[in-house]
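1. show me the folded form of this:
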Amino acid sequence: MLAWILIVAAAAWVGFAYAGYPLLLALLARISPRPLKRGDSTPSLAVVIAVHNGEKLLARKLEATLAQSYPRPFEVIVASDGSTDGTDEVARAFAGRGVRLVRNEVRGGKEAAQAAGIATARAEVLVFTDLSAELSPGALQAIVRPFADPSVGSVSSEDRVDHAGGEGTYVRLEMALRRWESEATTLVGLSGSFFAVRRELCDPWPSDLASDFRSALESARRGLRAVSEPDATASFGVIENAAGEWRRKVRTVRRGIAVLSAYRELLNPRHGRVAFSLWGHKVARFTAPRSWPAALLFAAQLAGYALGILALRVPRVSRFGPARLISFFLLVNASMLAAWRHHWRGERAVVWEPTRR
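-> Next comes the predicted model:
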């Protein structure tokens, strides 16, 4: 009897993580939405680009950033995290166009580089974007619109992945969740490739906590909301190399667990909708992988796992849509287990290697 209770409980927890929470969230967004005021306000902006050894992509990124349509001048800050290639020289070449270089001599990680950029910024709103993210032409103007609502502390872009495979499907599902969270609760994570934060929420800026996840939770801690802006989009290519995607997902979840631990008081039910989204979107997702071996459809899972593993090993099989989706699902969940192992050992993911797409 105990075994069956554990099996049913495990299956129910997985069901809540991947079906129950999205359904409840969509229902909440429909019957009890939280109004959001969007406007054409134009706060002063500082765009911070954290870079480690990005000389090959930086010039293109700066040209695209400077070409953004925005009604008033904005700061562009390149935060070089101990780069050893020509990154700094590329940034200095744009000095005449208003680009400012700040440098951490000792490599300290993405957040440490961002903190160096924040220290020199003078704007009301700080925008953070990755080197590999391609922003839509009006992305800067779009991402500040929700700040017309004084209840908004941070704003996330929406990711675009031009691919029909596993990662593309996963990203589209995540973006749907974020839209519902924007309408019904608050985002419990921003898109790390492109997001914006009010200046007052940038102090402090811990170097050992993922800034995208932490900024959303810091907004909630201060009684503000984190929302998604559908018109502010960032596109990036998929990672075709499974090993590279594995490392990225493990690092992402390790960093996520650390942030969740630092803001664990928000899990208290007294925080209402914030706690609901944290439990549904983060805690359930981070812990669901440990429940799969006890699921009732174990035999069907084994067949799916075998197909997914085969897709990871044999490129021809990965061309089959369902096989590619299963393989990405396996990779995501296995990376969460690995991230927990690092967290239990007290290992923190601070220094990052930019993912080559």
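2. low-scoring stretches of the protein, by residue?
-> Counting by pLDDT under 70, the chain contains low-confidence ranges at 1-4, 6-7, 162-167, 238-242, 289-305, 307, 318-319, 350-357.
3. quick one: the strands in it?
-> With strands called from DSSP state E, the chain shows them at 45-51, 75-81, 99-104, 125-129, 134-135, 152-160, 194-198, 225-235.
4. and the first one, which strands flank it?
-> Strands flanking strand 45-51 in the sheet, each with its direction: strand 75-81 (parallel), strand 125-129 (parallel) (DSSP bridges).
5. cool, the fifth one as well?
-> Applying DSSP bridges, strand 134-135 is found paired with strand 225-235 (antiparallel).
6. who's Glu158 bridged to?
-> Per DSSP bridges, the residues bridged to Glu158 are Thr233.
7. what is the burial count for it?
-> Residues near Glu158, counting by other C-beta atoms under 10 Å, number 23. Every C-beta, even on glycine, is put in place using the N, C-alpha and C of the backbone.
8. dump the residue contacts of it.
-> Neighbouring residues of Glu158 by C-beta atoms under 8 Å, 6 or more residues apart in numbering: 175, 178, 191, 228-230, 232-234.
9. cool, Gly117 as well?
-> Gly117 neighbours (C-beta under 8 Å, 6+ apart): 46, 48-50, 77-79, 102.
10. between those residues, identify the one with the most neighbours.
-> That'd be Val78 among those, by other C-beta under 10 Å, with 30 neighbours.
11. export the strands paired with strand 45-51 to a markdown table and append columns for distance to Arg145.
-> As requested, these are exported to a markdown table (distance: least, C-beta to C-beta, whole Å):
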| stretch | distance to Arg145 |
| --- | --- |
| strand 75-81 | 19 |
| strand 125-129 | 11 |
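12. figure out which of those strands is closest to Lys110.
-> strand 75-81 (6.9 Å; C-beta to C-beta).
13. can you list contacts of the closest one?
-> 44-52, 58, 62, 65-66, 87-88, 91, 94, 98-104, 107-110, 112-114, 116-117, 120-123.
14. before we move on, back to that, can you redo the contacts of Gly117 as CSV with distance to Pro35?
-> CSV is the format used below for these (distance: C-beta to C-beta, whole Å):
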residue, distance to Pro35
Ala46, 29
Val48, 30
Ile49, 33
Ala50, 34
Ile77, 34
Val78, 38
Ala79, 36
Val102, 39
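15. follow-up on the earlier one: switch the contacts of Glu158 over to TSV; also include neighbour count and distance to Pro206.
-> Listed next are the contacts of Glu158 as TSV, based on neighbours: other C-beta atoms under 10 Å; distance: C-beta to C-beta, whole Å:
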residue	neighbour count	distance to Pro206
Met175	19	27
Arg178	25	23
Ser191	25	19
Ser228	24	24
Glu229	25	25
Pro230	12	29
Ala232	26	25
Thr233	21	28
Ala234	23	24
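16. one step back: nearest to Ala323, out of the strands of the chain?
-> Nearest of the strands of the chain to Ala323, taken as C-beta to C-beta: strand 152-160 at 23.1 Å.
17. going by neighbour count, which residues in that closest one are buried?
-> Neighbour counts over strand 152-160 (16 or more other C-beta atoms under 10 Å) mark 152-160 as buried.
18. that one to strand 225-235, inter-axis angle?
-> In terms of direction (axes from the mean of the first three to the mean of the last three C-alpha atoms, to 10 degrees), strand 152-160 departs from strand 225-235 by 30 degrees.
19. Pro315 versus Gly237, what's the distance?
-> Gly237 sits 17 Å away from Pro315, going by C-beta to C-beta, to the nearest Å.
20. one more: His52?
-> Going from His52 to Pro315 by C-beta to C-beta gives 30 Å.
21. I'm done for today, thanks for sticking with me.
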